[in-house]
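J.: below are the sequence and a predicted model; questions follow.
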Amino acid sequence: MMTPRDDLQLRTATASEYEAVSHLLARAFGEPYEPDEGGPGAGIFEPDRSLVFADGDRIVANAGAFTRELTVPGAVIPAAHVTMVGVLPTYRRRGLLSRMMHRQLRDVREGGVEPIALLWASEGTIYQRFGYGHAAQRLAFVADRRDITLLPRFATAGGRLREASLEDARKDLAALYERVRVTRVGWSDRTEAWWDYVLNDKPAHRGGATARHALLYEGADGLEGYAIWRSKEEWDHGPQGEVAVREVVAATPAAYTELWRFLFSVDLTRKVNFWCAAMDEPLLHMVTEPRRLRAQVADGLWVRIADLPAALTARAYSTPLSVVFEVDDKLLPENAGTWRLDAAADGSATCVPTDDAADLVCDVSDLGAAYLGGTALVALAAAGRVRELTPGALDRASVAFLSPRAPSATEVF
Ligand SMILES: CC(=O)SCCNC(=O)CCNC(=O)[C@H](O)C(C)(C)COP(=O)(O)OP(=O)(O)OC[C@H]1O[C@@H](n2cnc3c(N)ncnc32)[C@H](O)[C@@H]1OP(=O)(O)O
């Protein structure tokens, strides 16, 4: 590390500093800076949760958080959605990120409302040192649509597809998303300001593709699913266009089938690109040759337990469980120690300090990784991260922590 900048003071931002923070982030990410005064980014900015370092009148580092709900196994909970983290290139490796992360986690914990923090990492290597665990992987695929055939059992389901502009469809999209997101672990709530942000489709960001369209599927009882997508024209001895899928939200299997049947059949296109399919993506079970989806595993959500007993009792478990964890947490020592977690069949759970002998030994990042029910404790044990002291405890805890459907993430925040 270069000489630490202990002289710089950490403080929260003011509302008028949004552009200065955006400018800093553009520099840190190596992106062109685009003023967004009054734009969708400004609408979701939470200055009082934005921790900044200023050197004189220049903001040189920022770490923010959004106040949102997150669906976790069996519950919807408040969770700090950590975001907009950046340090100016000439201030890097002087400990500024570390100071922001320590303060942010302390604030989240002492706020007493959000038992966990979560984030998307620009690089996985950054956040594990602060106790984040990899909680939701995703699948990204770019398939040649000519290779993708639905199994014969997926005969046309009936219903109706219609296309609409994002603006016209917005109310319908929001209503359906709200219905579905509470059933999907890893999905966050969306206020009106969030819909402005999610549906923002600046021409400069389209890379030569069309505007985004909404594709809506209606069954006998009304709207059952939608997709947001765009296409890009390309020619090379014939049509080579691409369909880029932003999100697919379906309340019924019929909606899911018909939306994807359409997306895999757009005239003059060859490639279908979807970057945030779930690890248990249904398409893998719907097509004749799953291999041809060419799906690749990528990281998605990283979770940090801020308040261990609050977090472990906020979610539900797949089976009743009684287990004693010995947990290490260097950054938030209140989480460290030996805890008994009891989960009952009715979904309630208690988590209290105990003097009983531990069944399992782990780091707080392992509980973060397991929190959404997508990373099995048994896999973390195989990796040498979780240690079993009582035979059988690992399997029992592992099964209880798992979520029936894999957690997934719909949007980078
Ligand atoms: C949730 C989000 O917003 S993700 C976006 C994160 N931001 C970016 O990727 C933008 C570009 N990068 C940056 O702005 C900065 O390099 C940051 C924010 C990643 C790191 O900020 P810094 O102030 O340099 O971090 P800091 O000096 O506190 O480093 C802490 C430790 O992490 C390590 N570290 C920090 N960033 C990285 C990295 N990108 N790769 C590897 N190690 C890293 C440092 O080497 C240091 O290790 P040490 O404790 O063993 O010495």
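T.: Good, I have the coordinates. Residues are numbered from 1 along each chain as shown.
J.: so how far is the ligand from Phe264?
T.: Per C-beta to the nearest ligand atom, to the nearest Å, Phe264 is found 33 Å from the ligand. No exception for glycine: its C-beta is placed from N, CA and C like everyone else's.
J.: need phi/psi at that residue.
T.: Torsion angles at Phe264 (phi, psi; degrees, to the nearest 10) stand at phi -90, psi 10.
J.: just give me the neighbour total for it.
T.: The number of residues packed near Phe264 is 20, by other C-beta atoms under 10 Å.
J.: Arg145 is in contact with that one, correct?
T.: Yes. Between Phe264 and Arg145 there is a contact at 4.7 Å, judged by C-beta atoms under 8 Å.
J.: okay, and the common contacts of the two?
T.: Both Phe264 and Arg145 are contacted by 243, 272, under the criterion C-beta atoms under 8 Å, 6 or more residues apart in numbering.
J.: how far away from the center of its chain is the helix or strand harbouring Thr313?
T.: Thr313 is part of helix 308-314, with elements assigned from DSSP states H and E. Its chain's average C-alpha position is 20 Å from that of helix 308-314, according to C-alpha atoms, centre = their mean, to the nearest Å.
J.: so what does it touch, helix or strand wise?
T.: In terms of contacts (3 or more C-beta pairs under 8 Å, 6 or more residues apart in numbering; DSSP states H and E), helix 308-314 is packed against strand 337-343, strand 349-353, helix 364-370.
J.: what sits up against that helix?
T.: Contact partners of helix 308-314, identified using C-beta under 8 Å, 6+ apart, comprise 72, 75, 77, 115-116, 305, 327, 329, 334-335, 339, 341, 348-352, 364, 367, 371.
J.: can you tell me the closest non-neighbouring residue to the residue in the stretch 251-400 of the chain that the ligand sits nearest to?
T.: Scanning the stretch 251-400 of the chain for proximity to the ligand using C-beta to the nearest ligand atom identifies Trp302 as nearest, at 8.3 Å. Nearest residue to Trp302, sequence neighbours excluded (C-beta to C-beta, 6 or more residues apart in numbering): Tyr132, at 4.1 Å.
J.: show me what contacts the one you found?
T.: Tyr132 neighbours (C-beta under 8 Å, 6+ apart): 117, 119, 121, 302-304, 365, 368.
J.: quickly list what Phe325 is bridged to.
T.: For Phe325, the beta-bridge partners are Trp339, Leu360 (DSSP bridges).
J.: close enough to count as contact, it and Asp359?
T.: Yes. If you go by C-beta under 8 Å, Phe325 and Asp359 touch, sitting 7.3 Å apart.
J.: spell out which residues of the stretch 101-250 of the chain are next to the ligand.
T.: 119-123, 125-126, 129 (C-beta under 6 Å from any ligand atom).
J.: quick one, helices of this structure?
T.: With DSSP state H as the criterion, the chain has helices at 18-29, 40-44, 96-111, 166-181, 192-199, 253-263, 308-314, 364-370, 377-382, 393-401.
J.: to Ala140, which of those lies closest?
T.: Among the helices of the chain, helix 253-263 comes nearest to Ala140, with 15.2 Å by C-beta to C-beta.
J.: what's the least confident helix or strand in this protein, going by average pLDDT?
T.: Within the chain, no helix or strand scores below helix 40-44, which has a mean of 94 by mean pLDDT, DSSP states H and E.
J.: and it, how far from the chain's centre?
T.: How far helix 40-44 lies from its chain's middle: 19 Å, per C-alpha atoms, centre = their mean.
J.: returning to that earlier point: just list whatever residues bridge to the residue of the stretch 251-400 of the chain closest to the ligand.
T.: Leu119, His134.
J.: next, give phi and psi for the residue sitting furthest away from the middle of the chain.
T.: Here the chain reaches farthest from its C-alpha mean at His237, the gap being 39.6 Å by C-alpha atoms, centre = their mean. The phi and psi torsions at His237 (degrees, to the nearest 10) take the values phi 50, psi 40.
J.: select the longest strand from the chain.
T.: strand 58-72 (DSSP state E).
J.: returning to that earlier point: how about a markdown table for the helices of the chain, with mean neighbour count and distance to Ala209 added?
T.: Shown next, in a markdown table, are the helices of the chain (neighbours: other C-beta atoms under 10 Å; distance: least, C-beta to C-beta, whole Å):
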| stretch | mean neighbour count | distance to Ala209 |
| --- | --- | --- |
| helix 18-29 | 18 | 22 |
| helix 40-44 | 18 | 19 |
| helix 96-111 | 19 | 34 |
| helix 166-181 | 16 | 14 |
| helix 192-199 | 18 | 16 |
| helix 253-263 | 21 | 14 |
| helix 308-314 | 21 | 40 |
| helix 364-370 | 26 | 35 |
| helix 377-382 | 19 | 38 |
| helix 393-401 | 21 | 40 |
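J.: quick one: which of these is nearest Thr210?
T.: The closest of the helices of the chain to Thr210 is helix 166-181. By C-beta to C-beta, the value is 11.9 Å.
J.: mean confidence (pLDDT) on the closest one, please.
T.: For helix 166-181, the mean pLDDT works out to 98.
J.: for that helix, which outside residues touch it?
T.: With contacts defined as C-beta under 8 Å, 6+ apart, helix 166-181 is touched by 71, 164, 187-190, 195, 199, 201, 211-214, 216, 223-226, 228, 249-251, 410.
J.: before we move on, the earlier item: which elements pack onto the least confident helix or strand of the chain?
T.: Looks like helix 40-44 contacts helix 18-29, helix 192-199 (3+ C-beta pairs under 8 Å, 6+ apart).
J.: can you tell me what sits against the shortest one?
T.: This points to helix 192-199. With contact meaning C-beta under 8 Å, 6+ apart, helix 192-199 is reached by 40-41, 43-44, 68, 166-167, 170, 173-174, 188, 190, 212, 228, 411.
J.: quick one, that helix and strand 58-72 angle?
T.: 100 degrees (axes from the mean of the first three to the mean of the last three C-alpha atoms, to 10 degrees).
J.: ok so, going back, of the contacts of helix 192-199, which pair is most distant in space?
T.: Taking C-beta to C-beta as the measure, these have their most distant pair in Arg68 and Glu167, spaced 23.4 Å apart.
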